[in-house]
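S.K.: turn this into a structure:
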Amino acid sequence: MSDDESVVSVEVLRRVLNQALDSLQTGTGGTVELDKDFFWSIPADVAYDVYTQPNPDQLTVGQLSESWNNLVQLGARGEPVPPYALVWIADVLKALGHQAG
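M.R.: Got it, this is the predicted structure:
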């Protein structure tokens, strides 16, 4: 991938994400109870290989409450948040988007 559409501007992402979160907060009053907890999780090396059909044993189960709890704990520690936290954030954001959609 080398075209401009595959280059992510962190600042643009932050701005759009903040706007989406502001919209969600306006519509929900600031909290959302997720109506689902478990979801299918696909390891990254499989998820981005769209030319190979995943085997059933490559699918795992994720848990939104676990992803959320990981984020809450990271926030409470007051330490720098590692980039891998984006995976847990994405789990929660995807569920919020599907539920709000």
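S.K.: what's the longest helix in this structure?
M.R.: Counting residues, the longest helix found in the chain (DSSP state H) is helix 10-28.
S.K.: other SSEs contacting that one?
M.R.: For helix 10-28, the elements it packs on are helix 85-100, judged by 3 or more C-beta pairs under 8 Å, 6 or more residues apart in numbering; DSSP states H and E. For glycine as for every other residue, the C-beta is placed from the backbone atoms N, C-alpha and C.
S.K.: so for the protein, the centremost residue is which one?
M.R.: Taking C-alpha atoms, centre = their mean, the centroid of the chain lies closest to A90, which sits 0.6 Å from it.
S.K.: and it, how far from D4?
M.R.: 23 Å (C-beta to C-beta, to the nearest Å).
S.K.: circling back to that earlier point, how much does the longest helix of the chain deviate in direction from helix 85-100?
M.R.: Between the axes of helix 10-28 and helix 85-100, defined by axes from the mean of the first three to the mean of the last three C-alpha atoms, to 10 degrees, the angle is 40 degrees.
S.K.: from the chain's centre, how far out is the next helix-or-strand element following helix 10-28? Work that out for me.
M.R.: Going down the chain from helix 10-28, the next helix or strand is strand 38-41, by DSSP states H and E. Its chain's C-alpha centre and that of strand 38-41 lie 12 Å apart, by C-alpha atoms, centre = their mean, to the nearest Å.
S.K.: from the contact counts, what lies against strand 38-41?
M.R.: If contacts are counted by 3+ C-beta pairs under 8 Å, 6+ apart, strand 38-41 sits against strand 60-63.
S.K.: try it again with 10 Å
M.R.: Here strand 38-41 touches strand 60-63, helix 64-77, helix 85-100, going by 3 or more C-beta pairs under 10 Å, 6 or more residues apart in numbering; DSSP states H and E.
S.K.: done for today, thanks.
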